[in-house]
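[1] my questions concern the predicted model and sequence given below.
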Amino acid sequence: MKDYPYQLNKNQWKEKLDEASYYVLREQGTERAYSGTFLLVNEQGNFKCKGCGEVLFASDMQFDSHCGWPSFDREVSGGKILQIEDNSHGMRRTEIVCANCGGHLGHIFDDGPTQTGKRYCVNSLSLQFEPEEKRQDTLVLGGGCFWCVETIFRELEGVLEVKSGYAGGKLPNPTYEAVCSGETGHAEVIRVVYDNSKISLETLYKVFFESHDPTQLNRQGNDVGTQYRSVIFYANEFQKSLAQKYIAMLQRDIYSNQIETTLEPLTKFYDAEAYHDDYYNLNKEKNSYCTAVIQPKRDKVLKMNQAILKK
Ligand SMILES: [Zn+2]
């Protein structure tokens, strides 16, 4: 018996694995055809050895073989799988095992339908699937007039999309006019879709607080009303707890006046009318609000954040 880098004794394996996986991985068992999961490719991610966690296949190597077991046309590089001649059950076959722990995976055949010509026929019970990490996140922020914050956030590297809208009120599908009355409870907000491998939530909060004055209660300058409140609509615990910590730090170290930013759970975001999209850039020659109010704010914040702007 070969010495594998990852070794457990029989009792340890039994403790680690469920009974069915132990039978397949450690006793060269075979699961019943069509009894396993992972027969169809429906998500991006990696297949790991259920015994030791080593990555063996990726979802783009999988194909639907109509044989009742998950099938792959190749393995990940780096010699993670060993091939062993198997003459059991009166057949000449080639067994495949995990090179790290020796766990039995299945067999390999030369009848694959893709260019490689190979079919790695693997027991579902030998594998665990790890979905590819989602890199796209969404954050909804209200920092006064949405024209002002929208034009700043769209310049940040890693921000994929910014949409102006309304959140936090009672009236469904509110119009701009209704929200401006201050009576619907909605705030003018932006929904920021971003790549969290390129820009962090903390950076977004930093720019958010630089883009407006969080110590003004229900107003930003001459814009007055609850629709202009400073608010973070959190979508999960992480957004909420980081916002709490960030505000606590600002209050302790930066602001002497009370920070009025509210944290509210995001229930529904309503798209604003299309004419609000990229409002500053498309209206700076027409609307003096752009030059008088938005531009100085925008220039100041973009200058402070030159290092993280889109090229
Ligand atoms: Zn393994």
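    Sure, I can see it. Residues are numbered from 1 along each chain as shown.
[2] buried sites along stretch 31-39?
    31, 36, 38, 39 (16 or more other CB atoms under 10 Å). The way it works is simple: take the backbone N, C-alpha and C, and place the C-beta from them, glycine included.
[3] what is the end-to-end distance of it?
    In terms of CA to CA, to the nearest Å, the two terminal residues of stretch 31-39 are separated by 13 Å.
[4] ok, and what's touching that stretch?
    20, 24, 47, 62, 64, 67-70, 123-125, 127, 129 (CB atoms under 8 Å, 6 or more residues apart in numbering).
[5] in JSON lines: the buried residues of stretch 31-39, plus pLDDT, secondary structure and distance to residue 182.
    Shown next, in JSON lines, are these (pLDDT from 0 to 100; DSSP: H, G, I helix; E, B strand; the rest coil; distance: CB to CB, whole Å):
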{"residue": "31", "pLDDT": "96", "secondary structure": "coil", "distance to residue 182": "63"}
{"residue": "36", "pLDDT": "88", "secondary structure": "coil", "distance to residue 182": "58"}
{"residue": "38", "pLDDT": "88", "secondary structure": "coil", "distance to residue 182": "54"}
{"residue": "39", "pLDDT": "85", "secondary structure": "coil", "distance to residue 182": "56"}
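[6] ok, so of those residues, who is nearest residue 229?
    Within those, proximity to residue 229 (CB to CB) peaks at residue 38, which comes in at 48.4 Å.
[7] gap between the closest one and residue 81?
    Residue 38 sits 16 Å away from residue 81, going by CB to CB, to the nearest Å.
[8] next: residue 302.
    Taking CB to CB, one finds residue 302 at 51 Å from residue 81.
[9] ok, these two, which is more surrounded?
    Using other CB atoms under 10 Å, the more surrounded residue of residue 302 and residue 81 is residue 81, with 22 against 17.
[10] the nearest residue to the more buried one once chain neighbours are set aside: how many residues sit nearby?
    Nearest residue to residue 81, sequence neighbours excluded (CB to CB, 6 or more residues apart in numbering): residue 75, at 4.8 Å. Here the count is done by other CB under 10 Å, and residue 75 has 23 residues near it.
[11] re the thing from before, the contacts of stretch 31-39 in strands, which ones?
    47, 62, 127, 129 (DSSP state E).
[12] turn those residues into JSON lines, including pLDDT and neighbour count.
    As requested, these are exported to JSON lines (pLDDT from 0 to 100; neighbours: other CB atoms under 10 Å):
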{"residue": "47", "pLDDT": "96", "neighbour count": "25"}
{"residue": "62", "pLDDT": "94", "neighbour count": "20"}
{"residue": "127", "pLDDT": "97", "neighbour count": "27"}
{"residue": "129", "pLDDT": "94", "neighbour count": "16"}
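[13] about what we covered before: export the buried residues of stretch 31-39 to JSON lines and tack on distance to the ion?
    What follows is the buried residues of stretch 31-39, written out as JSON lines (distance: CB to the ion, whole Å):
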{"residue": "31", "distance to the ion": "17"}
{"residue": "36", "distance to the ion": "17"}
{"residue": "38", "distance to the ion": "16"}
{"residue": "39", "distance to the ion": "21"}
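[14] picking up where we left off before, and the two most separated of the contacts of stretch 31-39?
    In the contacts of stretch 31-39, the most distant members under the criterion CB to CB are 20 and 64, with 23.1 Å between them.
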